[in-house]
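> Model the following, please.
(chains A and B)
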Amino acid sequence: DVKVTQSSRYLVKRTGEKVFLECVQDMDHENMFWYRQDPGLGLRLIYFSYDVKMKEKGDIPEGYSVSREKKERFSLILESASTNQTSMYLCASSVQTYEQYFGPGTRLTVT
Amino acid sequence: KQEVTQIPAALSVPEGENLVLNCSFTDSAIYNLQWFRQDPGKGLTSLLLIQSSQREQTSGRLNASLDKSSGRSTLYIAASQPGDSATYLCAVKDDYKLSFGAGTTVTVRA
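The predicted model follows:
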C-alpha cells in the first residue's frame, strides 16, 4: 500500500526558530512536493523535487528551503519562522505524470 | 496561469441522493486531472485519476468524467452516505505541478 508519512501532525514553534518538516515515502517515487493549505487560498506549491539533490521553486518559495539527500526523504526548512507561516503543510509524491499521493499533513503554529 | 474552479462551494443532501460535483479549468493543455477527498484536519486521499486521453474513470460508487476541450470534469457519487461527508478537491496537472480548485464541501444528512 502506498505510504507518505510526515514527521509531526502538530507543531508549535516560536518566531525566529529554524523549523524542519520531514516527509518520507516508501514507493520509490521520483517526484516529491511540499504544499501549504490555508483557508480561502487553497493548496499552494512551495517547492518540488524530481530527483535526489534536485529542487525547483513552486509558487510561494519565499521564506522556505528544501533538502533531498535521499530519494525517499524530502525536507522542508523554515529558516526563521514567522507568524504568517502558520499553516497546514502537506507533502506528496508521484511517479512522472501519474497520481500524487499525500501525507497526513503537519499543522504548524508559529507564535 | 491555470485557474481551477469548483462549483458549488458547499452542498447538503439527504442520504441516498446522488451527488454531482463540478470542476472547470481554463487551460486545456493538461496531462491529467485528479479528484481528492479531504476530511477536516487531515491530508488528501486520492479518489480518481483521469489521464488527458481518457473520458472517464470509475471506482465503486464514484465516476468522474473529463471533457478536456471544454475544460470540465464532473465527479458523480451514487447513493450518497453520511460517510461521504467531506471536502472534495479537483486538481489538474500541467507541466510539473498540480493546480487545485478551492473544493466543494459536502454534507450528507442521515
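> any idea how far residue B:21 is from residue B:99?
Applying Cβ to Cβ, to the nearest Å, the value for residue B:21 to residue B:99 is 17 Å. Any C-beta I mention is one placed from the backbone N, CA and C, and that applies to glycine too.
> Please give me every residue in contact with residue A:20.
Contact partners of residue A:20, counting by Cβ atoms under 8 Å, 6 or more residues apart in numbering or on different chains, are A:7, A:75-77.
> repeat that with 10 Å
For residue A:20, the contacting residues are A:7-8, A:11, A:67, A:75-78, by Cβ atoms under 10 Å, 6 or more residues apart in numbering or on different chains.
> what's the neighbour count on residue 13?
No chain specified, so I'll use chain A. 16 (other Cβ atoms under 10 Å in any protein chain shown).
> Actually, chain B is the one I wanted.
Residues near residue B:13, counting by other Cβ under 10 Å: 17.
> quick one: pLDDT of residue 97?
Just so you know, I chose chain A. On pLDDT, residue A:97 comes in at 68.
> wait, chain B
81.
> Work out for me the element the closest residue in space to it that isn't next to it in sequence sits within.
Nearest residue to residue B:97, sequence neighbours excluded (Cβ to Cβ, 6 or more residues apart in numbering or on different chains): residue A:45, at 5.2 Å. Following DSSP states H and E, one finds residue A:45 within strand A:42-49.
> show me the contacts for the residue nearest to residue A:10 when sequence neighbours are not counted.
Spatially, and ignoring its direct neighbours in sequence, residue A:10 is nearest to residue A:107 (5.0 Å; Cβ to Cβ, 6+ apart). Neighbour list for residue A:107: A:8-12, A:37, A:86-89, B:41 [criterion: Cβ under 10 Å, 6+ apart].
> can you check residue B:26 too?
With Cβ under 10 Å, 6+ apart, residue B:26 has these contacts: B:1-5, B:71, B:92, B:99.
> now, which of those lie close to chain A?
B:1, B:4, B:99 (Cβ under 10 Å from any Cβ of the partner chain).
> Since that was my last question, I'll sign off now.
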